[in-house]
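A.B. asks: Turn this into a structure:
(chains A and B)
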Amino acid sequence: MTIWLTIAGMALLTVLIRASFLVFGQRLSFPAWLNRALHYVPAAVLTALVVPMALAPQGTLDLSPANPYLVGTLVAGAVALLTRRTLLAIVVSFALYGALRWLG
Amino acid sequence: MKPFALLLAGARDSLPMLVGAAPFGVIFGTLAVGAGLSAGATLAMSAFVFAGSSQFVAVSLIGAGAALPVIWLTTFVVNLRHALYSATLLPYARDWSARWRWPLAFWLTDETFAVVEHRFRSQGAAGGQWYQLGSSLAMYLNWFLWSVVGVWLGKAVPGLAGWGLDFAMVATFTAIVAPQLKKRPALAAAAAAGAVALLARGLPYKLDLMLAALVGVLAGVACERLAERRAAA
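C.D. replies: Okay, the predicted model is just below:
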């Protein structure tokens, strides 16, 4: 049941955020500092999710080149940075990750 | 232009966005099933939340056993940027009734915002609600259908999650973030958030994520202000 409560809460929060100005109009104001802070939310949240999974997939720090999560993440980042092609980065790094898992 | 022509134009102008969102819909459906969500819950999330990045993050949090308030708080933080879109579109929506505003707000994604904001700014917003409805419906159906494909894939290939599909999430997030890191404040935000997430990993209720996000955002803002001050000096 918790999952339905989770989804209902997520749905409610999201629609209220999206409706904020469009529906409730000028009664709201958007402070400049918040606008500025929001720019960094995606980079901060996504990196916070990635780093522990890449560097410590089993819970303890694993910086060896035999860690497929670490190698895959570095390759995904490099391909995305160089080509700006998100999907290519995902496919290439996933294939490499799979190969490393299969070999190891 | 007539309403129906505007509706079609909105959908047509969203075509590149539809193609871009498709693989993420599939990955989302597959990962959600792999994380233990039922097909119904997965599709309900795509149908009622309809916000890709927060859906991905929620699935990874659910998989990690995060507490409900943490999932909600994260959803709020990740989706807060939509308030900015809502504010930006407001001047174009002056003569829209509430019957238009609520549904169009519900469907306001990054992609639809990008498409309609460009249109309204360059060609004016006459009949804009029909144009936005076209983009919205196209994005919505597209996201739902590709989520269905993902769920089907996750169910049809048993044990797909055990193949290290959790890495697909890592790869997806990395590929989204990496190009942003060319700018120094974003790099500072990512580095700080990553370091805190690593050091604080394993905090109860997945609070490590909130802590890391907070420190990361502060680092980004601080770095930006520092650069401004240097430029002014």
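
A.B. asks: so A:Leu13, which of the three states?
C.D. replies: A:Leu13 falls in the helix class when you classify it by DSSP: H, G, I helix; E, B strand; the rest coil.

A.B. asks: Please work out how many residues are found near residue 76.
C.D. replies: Answering for chain A, as no chain was given. Look at A:Ala76: counted by other C-beta atoms under 10 Å in any protein chain shown, it has 32 neighbours. (C-beta placed from N, C-alpha, C; glycine too.)

A.B. asks: think we crossed wires, I meant chain B
C.D. replies: 16.

A.B. asks: ok, so what distance separates B:Val70 from B:Gly154?
C.D. replies: To B:Gly154, B:Val70 is 25 Å away according to C-beta to C-beta, to the nearest Å.

A.B. asks: hmm, I was thinking of B:Leu198
C.D. replies: 29 Å.

A.B. asks: Mind checking which of those two has more residues around it?
C.D. replies: Taking other C-beta under 10 Å, B:Leu198 and B:Gly154 do not tie; B:Gly154 has more neighbours (25 against 17).

A.B. asks: Give the buried residues for the helix or strand containing that one.
C.D. replies: Per DSSP states H and E: B:Gly154 is located in helix B:128-156. Within helix B:128-156, the residues that qualify as buried are B:128-140, B:142-143, B:146-148, B:150-151, B:154, counting by 16 or more other C-beta atoms under 10 Å in any protein chain shown.

A.B. asks: Just confirm yes or no for that helix near chain A.
C.D. replies: No - legend: contact between helix B:128-156 and chain A by C-beta under 8 Å from any C-beta of the partner chain is lacking; minimum distance shown is 10.3 Å.

A.B. asks: Report all helices and strands that the lowest-mean-pLDDT helix or strand in chain A contacts.
C.D. replies: The least trusted helix or strand in chain A, going by mean pLDDT, DSSP states H and E, turns out to be helix A:32-38, with a mean of 83. Other helices and strands packing on helix A:32-38, by 3 or more C-beta pairs under 8 Å, 6 or more residues apart in numbering or on different chains; DSSP states H and E, are helix B:81-89, helix B:207-232.

A.B. asks: Output these in CSV, with mean neighbour count and mean pLDDT appended to each entry.
C.D. replies: As requested, the helices and strands packed on helix A:32-38 are arranged in CSV below (neighbours: other C-beta atoms under 10 Å in any protein chain shown; pLDDT from 0 to 100):
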stretch, mean neighbour count, mean pLDDT
helix B:81-89, 21, 88
helix B:207-232, 18, 92
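
A.B. asks: Reformat those as JSON lines; add distance to A:Ala99.
C.D. replies: Conversion of these to JSON lines gives the following (distance: least, C-beta to C-beta, whole Å):
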{"stretch": "helix B:81-89", "distance to A:Ala99": "37"}
{"stretch": "helix B:207-232", "distance to A:Ala99": "30"}
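
A.B. asks: Which one of those lies nearest to B:Ala64?
C.D. replies: B:Ala64 lies closest to helix B:207-232 among the helices and strands packed on helix A:32-38, at 8.7 Å (C-beta to C-beta).

A.B. asks: Centre of the chain to the closest one, how far?
C.D. replies: Its chain's C-alpha centre lies 21 Å from the corresponding centre of helix B:207-232 when counted by C-alpha atoms, centre = their mean, to the nearest Å.

A.B. asks: Test my guess that B:Thr112 contacts B:Gln132.
C.D. replies: Yes - in this structure, B:Thr112 is within contact of B:Gln132 by C-beta atoms under 8 Å, at 6.7 Å.

A.B. asks: How about residues contacting stretch A:41-52?
C.D. replies: The contact list for stretch A:41-52 (C-beta atoms under 8 Å, 6 or more residues apart in numbering or on different chains) reads A:73, B:53, B:57, B:60, B:74, B:77-78, B:80-81, B:169-170, B:173-174, B:176-177, B:180-181, B:186, B:189-198, B:201, B:208-209, B:212-213, B:215-217, B:219-220.

A.B. asks: I'm done for today, thanks for sticking with me.
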